[in-house]
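Participant: What shape does this take:
(chains A, B, C and D)
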4 protein chains.
Amino acid sequence: MLAILHPNISRDSQAYRETMHFLENLPGVTLRLHEVQGATQKLTEVYLLGETKSLDKDEIAALPAVERAIRISQEYRILGRHLDDLRQNGFTYNGVTFDQSNLNIFAGLCAVDNQEHVDMMMRSLSEHGQECTRMGAYKPRTNPYSFQGHGKGCLPWVFETAGKYGIRVIAMEITHESHIEEIDNCLEKLGRPTGVMLQVGTRNTQNFELLKAIGRQQTYPVLFKRGFGITLNESLNAAEYLATEGNAKVIFCLRGMKTEAGQPHRNMVDFAHVPTVKRLTRMPVCVDPSHSVGTRDRAPDGLLEVTHATAQGVIAGANMVLADFHPRPEKALVDGPQALQMDELPAFLADIQLCHETWKKRQQLYRRLEGAE
Amino acid sequence: MLAILHPNISRDSQAYRETMHFLENLPGVTLRLHEVQGATQKLTEVYLLGETKSLDKDEIAALPAVERAIRISQEYRILGRHLDDLRQNGFTYNGVTFDQSNLNIFAGLCAVDNQEHVDMMMRSLSEHGQECTRMGAYKPRTNPYSFQGHGKGCLPWVFETAGKYGIRVIAMEITHESHIEEIDNCLEKLGRPTGVMLQVGTRNTQNFELLKAIGRQQTYPVLFKRGFGITLNESLNAAEYLATEGNAKVIFCLRGMKTEAGQPHRNMVDFAHVPTVKRLTRMPVCVDPSHSVGTRDRAPDGLLEVTHATAQGVIAGANMVLADFHPRPEKALVDGPQALQMDELPAFLADIQLCHETWKKRQQLYRRLEGAE
Amino acid sequence: MLAILHPNISRDSQAYRETMHFLENLPGVTLRLHEVQGATQKLTEVYLLGETKSLDKDEIAALPAVERAIRISQEYRILGRHLDDLRQNGFTYNGVTFDQSNLNIFAGLCAVDNQEHVDMMMRSLSEHGQECTRMGAYKPRTNPYSFQGHGKGCLPWVFETAGKYGIRVIAMEITHESHIEEIDNCLEKLGRPTGVMLQVGTRNTQNFELLKAIGRQQTYPVLFKRGFGITLNESLNAAEYLATEGNAKVIFCLRGMKTEAGQPHRNMVDFAHVPTVKRLTRMPVCVDPSHSVGTRDRAPDGLLEVTHATAQGVIAGANMVLADFHPRPEKALVDGPQALQMDELPAFLADIQLCHETWKKRQQLYRRLEGAE
Amino acid sequence: MLAILHPNISRDSQAYRETMHFLENLPGVTLRLHEVQGATQKLTEVYLLGETKSLDKDEIAALPAVERAIRISQEYRILGRHLDDLRQNGFTYNGVTFDQSNLNIFAGLCAVDNQEHVDMMMRSLSEHGQECTRMGAYKPRTNPYSFQGHGKGCLPWVFETAGKYGIRVIAMEITHESHIEEIDNCLEKLGRPTGVMLQVGTRNTQNFELLKAIGRQQTYPVLFKRGFGITLNESLNAAEYLATEGNAKVIFCLRGMKTEAGQPHRNMVDFAHVPTVKRLTRMPVCVDPSHSVGTRDRAPDGLLEVTHATAQGVIAGANMVLADFHPRPEKALVDGPQALQMDELPAFLADIQLCHETWKKRQQLYRRLEGAE
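Facilitator: Numbers count the residues shown, from 1 in each chain, chains lettered A, B, ... in the order given. Purely as a prediction, here's the structure:
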């Protein structure tokens, strides 16, 4: 059960005290408070956990501080989409809005290698009106002897270059809680020329301690990658760890599953789950075609298979695309061969726009025709 | 690469020694000699195995002992799309054309249950201008105690009804070679009111004896379903069994893979392989969203997940859609709960058309913009 | 519900007629008769299918022709092991007994290549007291251009050689129903010098038409290989197809599952399911270490990994071992590199014997110590 | 390439300086030093990384400080077993020896719940001569709302109880680097009544930051669990992260793979990899039958399937068994239903001993018979 309190209610008010007194004394029930700070108001959500089956939803809703009560299922309590749950999804960060209806593109470097490439990449994005990018500084590698990323050393020039080109949000994977502070300190010192979306990689999907550390801060939103060897349910449960600690600004990223059924692709593209995740939760959904497909093979229709996978995500309602580009793929330190090239950016952006518009048309079409027989 | 030497060439000749010296020193290439002793002459074939991609066919052909050089890939010799292979793809059957550029829709009954439902289904298809359908008469079931289909008993009224409504091609699964003759006899007796595309199910993908029997006839084209538990390469090799026996009129159908990574879908949707199969072979590619998704769950945008999967196949260039409909899903004997309903047909057809048109626009867009930076 | 009639009951008897009359008139219940011809008596089992939940077991057991009634679950009705089901498992064929307590070894050639190798193999087996072997004549191959086995052409000299060396049972894969007759005709013509156990390969596990054809004869027992890409439940259901047609002399063979989790083995060894299959069904269980492991890698303890896998099957109660040997592995046409060599046969047989004895000791140990704390 | 220096060589010696000068100036080669502190001597290993293919092994071996040079493959440099690599495996911790030849049993509680159960468990182990156990204090759970373990709060009484009953090593999972210090502080404060083996769970197999933190200390050995959704190669690479930071006292634990091919078991038992891991690396190998099998189903031979899986691991040379027991399984907070019961301990221990002895007999048998034909 979830009780949403009246907006901006004071903790000193009589209504609040009475309500909490009642709730705290429900037998077998424990409470967990979750505060959502919006642009104009603060929302307080009280989660009732434990023996809630016998509770009367109307009775809870009638408490003086409660605006609305929602019966929620056992799983994904905060991030989930529950029956009769009309809560809004999405959030705005550094001027960019992320929700289940719109679309943002994060083209960029899988791994930051040098200043020249970062500059070339961001300049090109800027010229095409893009405000977001991906930039990998901390790279978890399967083999301990592989290049592990430049780490915090590259943050200053990456962030300054972003500021120079008007990039508002950089998706950046972190692998240790200390990276949050490194990023925060660097941004603060530079006067926050850009923003960062903290990315959790597929190898850390069930690194619950990292998730809890990220969840304890609300400054930075999170791009949470699905685990490539666990079920969707398990990945969604893991994302919920972020929310239980207080950060519900989470985007869920599909990035392919690890099974030889996906060959000759690097992973098995899982974008049929775009509508599924939107149905089960209120998270915006991102697709990562680069790591899913992992090749630059070209279909007989002239298009790269990776752009077909991108289109498949967008036509089904994806809200974000994460894509590897590189100015000189042959010189990339990580995943170069799969990267898209700079002269492919305009068509890539236009294709995504076309597919996103077609997704909207599809919705209109079904609203018009369905049930009309 | 295969080098065929001049007939009766002597191993002591200067030409032979020079040629073999050259071939033996190609880096990364090993040789395998095969001698064919004919009535009047001896042919020597030299197979070049290993890293042969970079070899120059003309250079090999110009060696003194070589009469002819042929570039062959090891796999899918007949159905495959080989380098510099300009052979046409596709075929026409009973007035309907199937190739890698166009699109045909096969909506219909997973399992034929009674005449009324068949009539309702086909009439509706006819009203919407459709000439193709799916109708299951022979049903292989996991459990031997489940309904196994009406078999040949239903063929006469299924075929007659098809003729009545102008249905030209029925996709129909067969599980035994005798079914070919049953179908052929019935069609012949009725004056061929319609046509049949023989469907091979996922449980028979590697039933090589059935494939050989189907391959030995050329009257009926084949809808070949991918194996749900083997690699794509293994499924394509299996399809080649049809071609080696003489029937290359084969459509390759993606129908989802068996892995729990696909949950909550029944199988893991594999439509990212649409462009892959078109690249590796000359077969038109079909998608089967009904068996892949296997549910009627609806995304928050109002569309069924099964229609999103359909759109994903078509936006990437699928050439055929196989979909389960049923006039009364609650009464269907097989897979009723996942079936689409008759009043959903118009929107379904319009959606597919929209996505197919968008696929064409995407090709134009890339031709116009790619490399234009 | 299963009603087991009194042994050797006559269909003309009053008891039989009364019993069947009663059973045939149970509402919503259909009957299926299954006859088991033993050495000294004939057993008739009547399966009651459909709405059997409300039936009274004691009432059925009290019918004049009924000896015992057993409530069976919905799955694996005939082959399954049901609650309170004390029916015997196993069978005797051509003088060799197969059940859930004993152990038979089938070492032999994966694919018959020439008479010399068959003779060498069987002579060696005979010298070590073996009465069973495996010999592949019909080989289903992933690639249509690979060697497909010598087929019926090699049957006469394979069977004659078996007779010469006292081999009583040959496990031989068949891929088409016509092979049953080919084998039967050849054995008949030669005066039945040996016996054959029909093997169903993993690619045909769900080839239900082949299973039904094999099930319709009771002359030859069946070695049924688990499907490498489906669940255990699905494979057991498929085995039941053999039994529903009348042949319950089935041995279930574990041969590894197709998942990259098994690397560097060829398949993922699944022998932990030995006790599981014995628990769920009454079938003797075979393990095939050769195809599971698929390499000749040697552990630091000096033993081949394939012999460790064998030991793992036997220590848990496997009743049959199927193993690839070859007198000259480097000349084998199929799966040569993984074959065991003739000089490894004595240790292989002794190791299996040691592990089988240890399995028996383990049973004694638990009977003595369990619950004694 | 690996250069093993003379034991106890001084860093001030002329031989050391000359040798390092030579190695440091090899073009394209970087060095990594790894010190192994044994009971009586200190070994220094110098790993040569980078362009080492052209190096002359004999030349390196001839350097004054070098005792031996070993050419190593690119993977698992430190933990791996390389060609002609005769380095010892194993280590001794708190009086207990772990290597690839012996066997230790860690029966205990999956999750510590209360003092009474810990006392009952350890007393029983002590009565049966056991010196090791497993005790879970930090539990990573799929669902954030599940019981997460008592954490550091339970350490004092767990360690004290262990000391009371002579338990020398407790395998204990940690999920955050701070847990190392919590454990170390607690042990230190109590006067080190027992020892701890740090366990890395399957969800953290690729949590490289945690591995690096654990690898930076050498006080506690590590029980490293295989990732349940990645390849064996990837798990072995991850284990190498521990060693690159300095801690090579690592035991590799097989615990089942996540695939529905394993059903009805909870995971797919992977113990056929026992000899494989021993062949590829020098790590002792542990098996975890409890989490692999995950049920208490009993085979018709009277033995639990979980004990059959245990026997399968040990018969193939496993060096450690990790098993869940509980005095009152019905009251266990985590994984109670799968736990073994206290009265099953004597038979369980005797069974493992019998299988371990049989493994030794198998080695003798092969040494005696193999090649004797």
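Participant: What are the boundaries of the helices in the stretch 251-373 of chain A?
Facilitator: Shown for the stretch 251-373 of chain A, the helices assigned by DSSP state H, counting those that start in this stretch span residues A:274-280, A:289-293, A:305-315, A:345-369.
Participant: would you list those in CSV and tack on mean pLDDT, distance to D:Val321 and mean neighbour count?
Facilitator: For the C-beta atoms, the positions are set from N, CA and C on the backbone; glycine is no exception. Rendered in CSV, the data for those read as follows (pLDDT from 0 to 100; distance: least, Cβ to Cβ, whole Å; neighbours: other Cβ atoms under 10 Å in any protein chain shown):
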stretch, mean pLDDT, distance to D:Val321, mean neighbour count
helix A:274-280, 96, 39, 25
helix A:289-293, 95, 38, 27
helix A:305-315, 98, 45, 29
helix A:345-369, 97, 53, 19
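Participant: need the residues of the stretch 201-350 of chain A near chain D, please.
Facilitator: Proximity of the stretch 201-350 of chain A to chain D, by Cβ under 8 Å from any Cβ of the partner chain, involves residues A:203-204, A:206-210, A:227-230, A:234, A:237-238, A:240-241, A:244, A:258.
Participant: how many neighbours does A:Gly129 have?
Facilitator: For A:Gly129, the neighbour count with other Cβ atoms under 10 Å in any protein chain shown is 8.
Participant: does it count as helix, strand or coil?
Facilitator: Local secondary structure at A:Gly129 is given as coil here, using DSSP: H, G, I helix; E, B strand; the rest coil.
Participant: so which residue of chain A comes closest to chain D?
Facilitator: Nearest residue of chain A to chain D: A:Gly229, at 1.8 Å (Cβ to the nearest Cβ).
Participant: Which positions in chain A make contact with chain C?
Facilitator: Taking Cβ under 8 Å from any Cβ as the criterion, the neighbours of chain C within chain A are A:Thr259, A:Glu260.
Participant: what comes up buried for the lowest-mean-pLDDT helix or strand in chain A?
Facilitator: Least confident helix or strand, chain A: strand A:29-37 with a mean of 83, by mean pLDDT, DSSP states H and E. Judged by neighbour count using 16 or more other Cβ atoms under 10 Å in any protein chain shown, the buried positions of strand A:29-37 are A:Val29, A:His34, A:Val36.
Participant: Direction included, what does the helix or strand that it is followed by pair against?
Facilitator: Downstream of strand A:29-37, the next assigned helix or strand under DSSP states H and E is strand A:42-50. Under the criterion DSSP bridges, strand A:42-50 sits next to strand A:2-5 (antiparallel), strand A:29-37 (antiparallel) in its sheet.
Participant: can you count the residues close to the residue lying closest to the residue of chain A closest to chain D once chain neighbours are set aside?
Facilitator: Take A:Gly229 and drop its neighbours on the chain: the residue closest to it by Cβ to Cβ, 6 or more residues apart in numbering or on different chains is D:Gly229, 1.8 Å away. Under the neighbour criterion other Cβ under 10 Å, D:Gly229 is assigned a count of 27.
Participant: show me the contacts for D:Gly229.
Facilitator: Under the criterion of Cβ atoms under 8 Å, 6 or more residues apart in numbering or on different chains, the neighbours of D:Gly229 are A:Gly227, A:Phe228, A:Gly229, A:Ile230, A:Lys258, D:Met257, D:Lys258.
Participant: mind redoing it with 6 Å?
Facilitator: When the contact criterion is Cβ atoms under 6 Å, 6 or more residues apart in numbering or on different chains, the partners of D:Gly229 are A:Gly229, A:Ile230, D:Lys258.
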